[in-house]
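[1] here is my input; please provide its structure:
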Amino acid sequence: MKQFYTRQVLSEGELSQIKEVISYANTHNIWQDGLKSGGGFSRVKSNLEMSDPALSQKINSLIMSSLDRDNYFVNFIAARETTFNIVSKTISGGYYNPHYDNWNNGDYSTTVFLNDPDEYIGGELCLYFGGEEEIKIKLKSGWGITYPTGTLHRVNKVSSGVRYVSVFWTKSLIEDSFIRHIYSEICDIQKNMVKYESPVHLGDCLSASKDPFFMLEGLRQQILRRYAR
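    Numbers count the residues shown, from 1 in each chain. Have a look, this model is predicted:
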């Protein structure tokens with residue numbers, strides 16, 4: 001099964017608008033202790049989070065708009081609904097020690113990096129999938145990673161500079177993780193097949209029913225009818 005999915009989430013224009021919001025928040029000190037949002041306690045995490053809902057909404061709208069264009073994201077998790085984003089600022093000395101995200105946040109967690117990796121030292125998102133070592137993620141600004149919410153993870157201490165990210169959670173239409181995997185694989189196969197501009201060239205329903213793309217589409221639809229919640 002796929003462990004995680006990385007890709008460019010934000011366009012340069014969208015990222016520029018988000019950086020303007022962050023700059024405004026910095027100028028007016030619109031940040032609060034990250035502990036106030038819950039999900040941690042002293043010595044487990046040390047970060048700041050944007051405290052003005054209106055400013056967070058501007059960033060949220062830009063990110064959600066980008067997700068609407070991200071068909072692979074939708075298919076990877078069979079997305080149903082996504083939570084409001086938390087905009088996090090981690091200054092030098094900040095960290096988030098090993099933890100699990102709250103089970104009722106959703107089925108998948110997403111982190112979108114909002115500034116470039118050379119602007120801070122440390123701050124890697126470290127994921128543990130039960131192997132021999134962690135997977136360390138530090139993406140370019142505007143890029144994001146999506147992974148199962150039940151994954152043990154942490155944020156490495158920032159030793160210099162400032163790290164900005166947006167974090168949110170998504171609930172899937174499909175509760176069973178194995179069925180979600182099958183659904184995602186079907187979508188991947190369809191994506192990699194010859195793209196049809198229109199099914200009308202197949203001539204009739206009998207021809208379409210024997211076509212591999214339409215056979216997969218029938219299976220995809222059956223999964224949703226049987227398992228979507």
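[2] quick check: Lys58 vs Ala79, distance?
    Separation of Lys58 from Ala79 (Cβ to Cβ, to the nearest Å) stands at 22 Å. (Each C-beta comes from the backbone N, C-alpha and C, glycine too.)
[3] may I see the buried residues of stretch 137-154?
    137-139, 141-149, 151, 153-154 (16 or more other Cβ atoms under 10 Å).
[4] closest to Ser166 among the residues you listed?
    Gly144 (8.1 Å; Cβ to Cβ).
[5] could you list the low-pLDDT ranges of the chain?
    1, 37-42, 194-203 (pLDDT under 70).
[6] what about 50?
    200 (pLDDT under 50).
[7] report the buried residues of stretch 204-211.
    Ala208.
[8] alpha carbons of it, as CSV, please.
    Taking C-alpha atoms only, stretch 204-211 is exported to CSV below (Å, rounded to 0.1, in the frame of the first residue of the first chain):
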residue,chain,number,x,y,z
ASP,A,204,-22.4,1.3,-28.1
CYS,A,205,-22.8,0.1,-24.6
LEU,A,206,-21.8,-3.5,-25.4
SER,A,207,-18.5,-2.3,-26.8
ALA,A,208,-17.9,0.0,-23.8
SER,A,209,-18.7,-2.9,-21.4
LYS,A,210,-15.8,-4.9,-22.8
ASP,A,211,-13.4,-1.9,-22.8
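[9] if we can go back for a sec, from the buried residues of stretch 137-154, which is closest to Gly130?
    Looking across the buried residues of stretch 137-154 and measuring by Cβ to Cβ, the closest to Gly130 is Thr151, at 9.4 Å.
[10] pretty sure the closest one contacts Gly130?
    No. Thr151 is beyond contact range of Gly130, at 9.4 Å (criterion: Cβ atoms under 8 Å).
[11] which of the buried residues of stretch 137-154 sits closest to Asn115?
    Among these, and counting by Cβ to Cβ, the member closest to Asn115 is Ser141, at 5.1 Å.
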